[in-house]
Structures are given as C-alpha cells and as structure tokens.
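[1] sharing a model prediction with you, sequence too.
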Amino acid sequence: MTDIRFTSLSKFDCPRLLICALGYEDRSTFFLKSEEREDFEAILAFDYCSTGLHSYDANRDYVEHCGARRIGDLAELLRVAGELFVETKWNVSVDLTSLDRRKMAEVIKFLFLNRNSISCVDFVYCPSEYSEPRFKLESVSSFGPVLPAFAGDIAETRRKLALLVGVGYEFNRIIGAIEALEPDKVYAFKPIGTDRRFESKIDENNLDFEFLTTNDVLREYDLNFPKQLYLMTRRAVELELSKRSVLILPLGPKIFAGVSILIAMLRHPSVMVWRHSTTSSSRPESTRDAIASGVVSRFQFEFSEDFI
C-alpha cells in the first residue's frame, strides 16, 4: 500500500517544480518572493483571472516577471506538469495558500497518480496577518464532497459518523456544519502559533466551543509544525475508522486542508472529505484580501510503497 515518509528537499538532487495559485490575496505570491526563483526549473500558476480584484493585478505582474506559466484551466496545468515527469524525477512544491480546496484536492490526487515520478513533495502555506473577522452569518455556496472521489465508500455510510473539522475564525460556521451532519463524535482542530488575536477570535466566534459534548475532542495544532498536525490527524482517523465512518471538513487554514486530503488519499475510499464554502469570485463582496504574516509553514514528504 502507498504511504509517506517525512523527508526534506535537501535529500534529493532533482529539478524543482512549483505549482501555485495566482489569486486576489496579496499573500498569493509571498512564497515565490521569498524563494530564489532560480531554484525552480518550472513554475506553473493556476490563474483565477480575477482582474481588478484586491491584489490580483500586482500578483499577475510579479508572476509574469518570474517567467511562470499562467494557466486558467487546472486540467491543462496538470497535463503540462505530467509532461515534465516523462524523463526524470522531480521535487514538487505545492503552494496551498490561495488554492481553493477543490483544486487542491485535484492537485494532490495528481501527485498520487504520478508518485513514481516524484522524489519529494513540499506543501507550503503562508498564514495571513491578523485582520478583524466579519461578525455575520454568510450564505453557504458549496457543501458536499470536495471531489466525487472523496464521497466515501457507500458501505461506510451505514455506521455512525466521526467528524474531524478544522476551526477558523468565521462566525458560527463549524456549528452550522455540526447541525447539518449530526455526527456521533467531533474532533475540532484549532490552529495556534501565529497571532494570539486569531486564537481569541476563534474562541469567541465559535462560542468558546461550548457546543462540544463530553464525547467530543478539542485539539490545538501549531501552524509552525505541520508534521505534528499530520500525526495528530492521522491518529484520530485511524482510531475512528475501526468504529465509525470518518468525514473531514477542512475549515480554517489551508495547511489543515492539505494534510486532510493527503490522509484521505492514503486511506481511500474510507475517508470522506467535504468542503463548506461561503465565498465566490463571482461575488466580490464575499472575498477579502490577506497579507502574509511572514511565516512559511512547510510539510515535506516522500511516497513509499509498503508491501504486506
């Protein structure tokens, strides 16, 4: 079966590919600006084509200056990436910062399909500076499997449900998800480690988690140490799979989404991953800019094949 091992890029002398998003958040280009561009043999940027929205135009100019290839169709971007893998193995960095969860899932699925051509995977996430959250309920634009592949095994849906949910500082979103899904047990993953004001607002906007029952679990994870987040999440998944169906709802920081989708791929099709979105590029009033805090969270691993 396919699994992963923790590693570092320095272990592998291979050309580097960066897959990233050209979006409207200022932080979309922070990682690219912080790295030596010469380190990348190729840069493929999924283009959200958000002309005039927040920091998009400035980001587009910078990406073009870097010589990156802007592609507005994800299937085409992944086709181009696949062509690079024909003759040699690559180290692949994926900047999760501005990828939406559906496209993130497509990229991670692609990495699994091409794992024999990949030496190392480097998940990158750039947290934002603190800004005051909105104090209003927003309409849900999408609630369901992040991709059909993550809908889960039909046989699993007959059992009780364990919900693993990431926590953000959006007002009441986790509570609405719990009410809709009615899980038997909840694991709530709260991010810490970048700005205590985030942590205070997360508590406040989630009613200090008083809705959790004695059967539920609240766990904190440090955005600076994504390996620990991976281990914590995977332990919970493995424990619950023996007793319940498992659904992950990756709200909050994108690094939790990346780790969750990775685990779901490793345990496919037993683990479901859903998305719960309230923003849309077609509704500019539902979006907001985000400035990078200066922190770069990285999770590096290689694929391994364990034969039983």
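    Good, I have the coordinates.
[2] so what secondary structure elements neighbour the helix or strand bottoming out on mean pLDDT in the chain?
    Of all the helices and strands that make up the chain, the one with the lowest confidence by mean pLDDT, DSSP states H and E is strand 142-145; it has a mean of 84. Strand 142-145 is packed against strand 271-277, with contacts defined by 3 or more Cβ pairs under 8 Å, 6 or more residues apart in numbering; DSSP states H and E. Where you see a C-beta, it was placed from the backbone N, CA and C, and this is true even at glycine.
[3] what about the strand it packs on, average pLDDT?
    Averaged across strand 271-277, pLDDT comes to 89.
[4] mind giving me the packing neighbours of it?
    Packed against strand 271-277 by the contact rule (3+ Cβ pairs under 8 Å, 6+ apart) you find helix 101-113, strand 142-145, helix 173-181, strand 245-249, helix 254-266.
[5] repeat that with 10 Å
    Helices and strands in packing contact with strand 271-277 are listed as helix 101-113, strand 142-145, strand 161-166, helix 173-181, helix 226-241, strand 245-249, helix 254-266; criterion 3 or more Cβ pairs under 10 Å, 6 or more residues apart in numbering; DSSP states H and E.
[6] and the helices in the protein, which stretches?
    In the chain, the segments counted as helices under DSSP state H are 30-34, 56-65, 74-84, 101-113, 173-181, 196-205, 226-241, 254-266.
[7] want to try TSV for those helices, with distance to Trp274 and mean neighbour count as columns?
    As requested, the helices of the chain are exported to TSV (distance: least, Cβ to Cβ, whole Å; neighbours: other Cβ atoms under 10 Å):
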stretch	distance to Trp274	mean neighbour count
helix 30-34	27	18
helix 56-65	28	16
helix 74-84	19	15
helix 101-113	9	20
helix 173-181	8	18
helix 196-205	20	16
helix 226-241	15	17
helix 254-266	10	25
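[8] to Ala149, which of the ones you listed lies closest?
    Closest to Ala149 of the helices of the chain is helix 101-113 (Cβ to Cβ; 6.6 Å).
[9] any idea of the mean pLDDT for that closest one?
    98.
[10] tell me which strands and helices that helix is in contact with?
    Contacting helix 101-113 under the criterion 3+ Cβ pairs under 10 Å, 6+ apart are the following elements: strand 16-22, strand 42-47, helix 74-84, strand 90-95, strand 118-125, strand 142-145, helix 254-266, strand 271-277.
[11] nearest to Ser242, out of those?
    strand 271-277 (12.9 Å).
[12] any low-confidence regions in this protein?
    Applying pLDDT under 70 to the chain flags the ranges 134-142, 153-158, 278-286, 306-308.
[13] picking up where we left off before, now the helices and strands packed on strand 271-277 as TSV including distance to Cys14?
    Rendered in TSV, the data for those read as follows (distance: least, Cβ to Cβ, whole Å):
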stretch	distance to Cys14
helix 101-113	14
strand 142-145	33
strand 161-166	32
helix 173-181	40
helix 226-241	21
strand 245-249	31
helix 254-266	20
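[14] tell me which of the ones you listed sits nearest to Cys126.
    Nearest of these (Cβ to Cβ): helix 254-266, 9.1 Å.
[15] between strand 161-166 and that closest one, find me the angle.
    With axes from the mean of the first three to the mean of the last three Cα atoms, to 10 degrees as the criterion, the two stretches helix 254-266 and strand 161-166 enclose an angle of 140 degrees.
[16] quick one, helix 254-266 and strand 90-95 angle?
    On the basis of the same axes, to 10 degrees, helix 254-266 is oriented at 130 degrees to strand 90-95.
[17] tell me which residues of stretch 35-55 come out buried.
    Of the residues in stretch 35-55, those with enough neighbours to count as buried (16 or more other Cβ atoms under 10 Å) are 35, 40, 42-48, 50, 53-55.
[18] how far is that stretch from where the chain is centred?
    When C-alpha coordinates are averaged (Cα atoms, centre = their mean, to the nearest Å), stretch 35-55 and its chain have centres 18 Å apart.
[19] then stretch 3-15?
    For stretch 3-15, the distance from its own C-alpha centre to the chain's C-alpha centre is 20 Å (Cα atoms, centre = their mean).
[20] need the residues that contact it.
    Among residues not part of stretch 3-15, those counted as contacts by Cβ atoms under 10 Å, 6 or more residues apart in numbering are 16, 39-42, 84, 88-93, 115, 118-122, 227, 230-231, 234, 262-263, 265-266, 298-306.
[21] over to stretch 70-86?
    By Cβ under 10 Å, 6+ apart, the list of residues contacting stretch 70-86 from outside reads 15, 17, 19, 21-22, 41-49, 60, 63-64, 69, 90, 92, 99, 102-103, 106-107, 109-111, 113-114, 116-118.
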